[in-house]
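Asker: Quick one: sequence plus predicted model below, questions after.
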Amino acid sequence: RLSRLSKQEADLYNLSKSIKNQFRNTKQKLKIAGLSPSLGPLLLKQITQLPDEHVFATKLEAHEEEITRVSLYHLQHKDELQQISDMDNYLDKLVNALPEQEQQAILPDLESLAVSRKALLEKLIDIEVNYIRSLDNVNFTANKLQDVVSEYRTLLKKQLFWMRSSSVISWESINSIPGHVLEFLSKDKWIDLFQDFMSSLKNSQIRILGYMLVLFLWLKSAQIKQLLIETGKHLRKISTDKFTYTLQALFYTIVLALPWPLLTAFTGQQLKLSEAPGDFTQAVSAGLIWIVLPMYFLLFLRKLCLPQGLADAHFKWNPVVTQRLNKALGRLMITFLPALFFTTIIINNGLEAKHEEFSRLIMIVTLLAFSLFFYRLIKPEDGILSPLIQESPDSVLARYYNFWLFLVVIQFVVLLILILIGYVYTASFLLRHFIQTVWLIFALILVHQLIRRWLLLSSRRLALKAAIERRQAALAEKTSREDDESEQGT
């Protein structure tokens, strides 16, 4: 372990030195050439070749845990060595409970063993000190490398945002796309991928339990869906309505969206466990893991819009809106998730330059998918939000409808032009942050609806309580009046 850590420290130091030199050379090139279009592809290649900072963070965390564990053992061994240094007292404690005759019989052997134990402890403590020092040195070097990589990546991102990272699209590049697609989808690559997957199944029993969990969720999906519908039946009467039913519906919706993302995540992690995974296998593994969260968000939104589900029964959304939104999200999944998957494969396999036009085509597909989704969202005649606009003509959405439509159209047109003229990195950066903003908006809508549902239920309960109190007061007053009249009659 010590030799391996020394080699790891040396490798990290050499890598850090290499990246520092590259960082310095890049700064000089930028001073000389400025925002020259010829530098864009070079900087893009450099940023994709930088080490992953998340991998460093994971390794550093593992090293910190190892240091803590070894330090605890180190303290225990030092305490034991201190006790064994006082040999007479140490031996007395060992044989104290034995009869005098037995003590005399085993005392020489115990003393010999204690001396050997002391020598071993001294060696072990020295090894532990060196091991902890080596781990600290590796962590220090890794931290320095992480700082350099972070600073270099920040510089490259800032420069690439304003640079043309690819050539302007031409008929020649368009004609080359089919060849790139066929090469990328080569049968041999996918056969090797399947073989790596089958070999990985031998190395992990835990993942197999994960697949069994996915199968269990699939088999129970009909029952979970029925439980989701049952929660809405309690909302028909204010006396039986509770916010806990909404939370239960939210939980069932979360569970219903789990099977496919879990299957994708388990498969991506499983591919990492193959004995000798190839570059393509590792790239596919990264692609599967990368699409898990977007897949789950889209599936969750679709399950949210189920008939008699959370949005329909609890949030009281317009049934036409939920039905159209469900269909639009399904179409978005068919185009967006494969595009994101193949893009991640290309990036992790280091094929950006080789499959440049193919990756640009995938970006255009992703852009068109989102543009069609948002067009269906605010389409004037039969769009997803058109019933809401008709129901609330004085709302911000309805009053500034033309502005929202123009905003959606113009941003996708601008992104498409950026991709076509070679500003692919800029367009991908803006598109990625736009997609993240969309997820955030949907999350805020969900939180808003939950809060609105809780406030509405609280106000209805207060109104019901006030009505009951008024009724009881009226009955008490009526009873009192009848008693007075009966006394007067008597």
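Answerer: Sure, I can see it.
Asker: Tell me the gap between stretch 302-322 and the middle of its chain.
Answerer: From the chain centre to the centre of stretch 302-322 is a distance of 26 Å (C-alpha atoms, centre = their mean, to the nearest Å).
Asker: can you give me the end-to-end distance of it?
Answerer: Stretch 302-322 has an end-to-end distance of 9 Å (C-alpha to C-alpha, to the nearest Å).
Asker: Let's test this: mean pLDDT of that stretch, rounded?
Answerer: In this model, stretch 302-322 has a mean pLDDT of 89.
Asker: My guess is residue 342 contacts residue 287. True?
Answerer: Yes: counting by C-beta atoms under 8 Å, residue 342 does reach residue 287; the two are 7.2 Å apart. Just so you know, the C-beta spots here come from the backbone N, C-alpha and C atoms, and that holds for glycine as well.
Asker: Under the pLDDT cut-off, which ranges of the stretch 201-350 of the chain? List them.
Answerer: The stretch 201-350 of the chain contains residues with pLDDT under 70 at 201-207, 273-278, 347-350.
Asker: let's see it at 50
Answerer: 350 (pLDDT under 50).
Asker: could you pull out the helices for it?
Answerer: Ranges of helices in the stretch 201-350 of the chain, per DSSP state H, counting those that start in this stretch, are 205-219, 221-233, 243-256, 259-271, 279-290, 292-304, 319-348.
Asker: Okay, buried residues for the longest one please.
Answerer: Right, helix 319-348. 321-326, 328-329, 332-333, 335-348 (16 or more other C-beta atoms under 10 Å).
Asker: show me what contacts residue 281?
Answerer: 192-193, 196-197, 271, 274 (C-beta atoms under 8 Å, 6 or more residues apart in numbering).
Asker: cutoff 7 Å now
Answerer: Shown in contact with residue 281 (C-beta atoms under 7 Å, 6 or more residues apart in numbering): 192-193, 196, 271, 274.
Asker: Can you give me every residue that contacts the residue nearest to residue 240 when sequence neighbours are not counted?
Answerer: Once flanking residues are discounted, residue 240 sits nearest to residue 234: 4.9 Å by C-beta to C-beta, 6 or more residues apart in numbering. Neighbour list for residue 234: 240-242, 245 [criterion: C-beta under 7 Å, 6+ apart].
Asker: and what of residue 178?
Answerer: Residues near residue 178 by C-beta under 7 Å, 6+ apart: none.
Asker: Okay, and it sits in which element?
Answerer: Secondary structure from DSSP states H and E places residue 178 in helix 177-184.
Asker: Rounded mean pLDDT for that helix, please.
Answerer: 67.
Asker: Against residue 395, how distant is residue 401?
Answerer: According to C-beta to C-beta, to the nearest Å, residue 401 stands 10 Å off from residue 395.
Asker: between those two, who's got more neighbours?
Answerer: Using other C-beta atoms under 10 Å as the criterion, residue 401 and residue 395 rank with residue 401 on top: 18 against 12.
Asker: distance of that one from residue 71?
Answerer: Going from residue 401 to residue 71 by C-beta to C-beta gives 64 Å.
Asker: One more: residue 481?
Answerer: Using C-beta to C-beta, we find residue 481 at a distance of 84 Å from residue 71.
Asker: More neighbours: which of those two?
Answerer: residue 71 (13 against 10).
Asker: and that one, what helix or strand is that in?
Answerer: Per DSSP H and E, residue 71 falls inside helix 53-85.
Asker: quick one: buried residues of that helix?
Answerer: Buried, per 16+ other C-beta under 10 Å, within helix 53-85: 56, 59, 63, 67, 70, 74, 77, 80-81, 84.
Asker: can you check stretch 131-144 too?
Answerer: For stretch 131-144, the neighbour count (16+ other C-beta under 10 Å) marks 131-132, 134-135, 137-139, 141-142 as buried.
Asker: got the residues you listed as JSON lines, with secondary structure columns?
Answerer: Shown next, in JSON lines, are the buried residues of stretch 131-144 (DSSP: H, G, I helix; E, B strand; the rest coil):
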{"residue": "131", "secondary structure": "helix"}
{"residue": "132", "secondary structure": "helix"}
{"residue": "134", "secondary structure": "helix"}
{"residue": "135", "secondary structure": "helix"}
{"residue": "137", "secondary structure": "helix"}
{"residue": "138", "secondary structure": "helix"}
{"residue": "139", "secondary structure": "helix"}
{"residue": "141", "secondary structure": "helix"}
{"residue": "142", "secondary structure": "helix"}
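Asker: ok, longest helix in the chain?
Answerer: Using DSSP state H to define each element, the chain has its longest helix at helix 424-489.
Asker: Which elements pack onto it?
Answerer: Under the contact criterion of 3 or more C-beta pairs under 7 Å, 6 or more residues apart in numbering; DSSP states H and E, helix 424-489 touches helix 100-161, helix 243-256, helix 356-378, helix 401-420.
Asker: any idea how far the last one is from the chain center?
Answerer: Going back to what we said before, that points to helix 401-420. The chain centroid and the centroid of helix 401-420 are separated by 28 Å, computed with C-alpha atoms, centre = their mean.
Asker: quick one: average confidence on it?
Answerer: For helix 401-420, the mean confidence score works out to 83.
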